[in-house]
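In: coordinates for the following, if possible.
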Amino acid sequence: MSASTMRPTGQQTPSRPRTSPWRPAAAMVGVAVVAIVVLVMLLVRNRTGAKFDYKMEFALGGPPWLFYNIEDRLQQVSVTSVALAGILVAAVALSRRRIGLAVGAIVLIGGATVTTQLLKAHVIHELPGDVANSMPSGHATVGISISLATLMVLPVAWQWGVLPVCAAAGFFFGAGTVVGHWHHPGDVLAALAVCLAWAGVALAVAHTVDHGRLGRAPRTPSRPVRSIGPGLAIWLVIGGIALVSCLFLAWGAQPTVHGLRDLVLGMTAVALVAAGTVVVYGWFSQVARRYLV
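Out: Got it, this is the predicted structure:
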């Protein structure tokens, strides 16, 4: 046995150097770009897909108070509220003395919001299609990006409680625009893809600022962070989705015509948004847990 591998009794072997998150960040961006291209080809430039997307949006309905409750919350989204949210999440990060997290949160919210508006008004809108474009959803983008930024700036050890709450908030803004007849499911899936891409960029930027040349040396937590594996993360996200789904049901969400066809279409719409939410929040939480401790 060489001298370099010998350690005095009770002394721990130094941990391996922290690796860079740019590879998983690049994977997030790549998956998001592919998802947006597929959604455009299937639901914007394809007449059959566009009609199916439209039918899924209006398959669910309910009493007037269902729409009032959803709209009251969706209408809180404005330039002022987005700016205020960015300031608040950055302040939380700075209170932890994590400049990188503050920068990453602003990059995530600002980048996703601007990208969605550019895609909707100047990119996808200009592509040939049979219907007027509403992809991606701006309201869904704002809700999802802010909740992801909140998840990023709070301590990783809090993910047990924070992850289902943030996932529930993102799912409410996503599924709420569908149940409230504001957007097609495809618009929400595109918003999830935009937020996924910028979440990857934000994680890489935050890690670089806090642990790279711009920041301090990597820190080791005084107490070990209890691991949240992929399986548990998925169940935590599903728990948040289930709470919002129960809320919609309590407000009276139901098939529009009370038929089997609308029931299947409505459940498909919600299931697609739920699946996208699980992928985005589950993936994001795992990368954040690994690189932002």
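In: for residue 260, grab the count of nearby residues.
Out: Using other CB atoms under 10 Å, residue 260 has 9 neighbouring residues. The way it works is simple: take the backbone N, C-alpha and C, and place the C-beta from them, glycine included.
In: got any ranges where the stretch 1-150 of the chain has weak pLDDT?
Out: 1-19, 128-131 (pLDDT under 70).
In: and the helices in it?
Out: Ranges of helices within the stretch 1-150 of the chain are 22-43, 47-57, 64-74, 79-95, 99-118, 138-153, based on DSSP state H, counting those that start in this stretch.
In: hmm, residue 145 and residue 108 touching each other?
Out: Yes - between residue 108 and residue 145 there is a contact under CB atoms under 8 Å: 5.6 Å.
In: quick one: common contacting residues for these two?
Out: 195, 198, 199 (CB atoms under 8 Å, 6 or more residues apart in numbering).
In: my read: the last one touches residue 148, true?
Out: Yes - when contacts are counted by CB under 8 Å, residue 199 is listed as touching residue 148 (5.2 Å).
In: please flag which of the shared contacts of residue 108 and residue 145 sit within helices.
Out: Using DSSP state H, the members of the shared contacts of residue 108 and residue 145 that fall within helices are 195, 198, 199.
In: the second one: neighbouring residues, count only.
Out: When you say that, I think you mean residue 198. 30.
In: kindly report the same for the first one.
Out: Look at residue 195: counted by other CB under 10 Å, it has 37 neighbours.
In: how about it, nearest residue that isn't a chain neighbour?
Out: Leaving aside its chain neighbours, residue 195 sits nearest to residue 144 (4.5 Å; criterion: CB to CB, 6 or more residues apart in numbering).
In: can you tell me how far the one you found sits from residue 238?
Out: Separation of residue 144 from residue 238 (CB to CB, to the nearest Å) stands at 16 Å.
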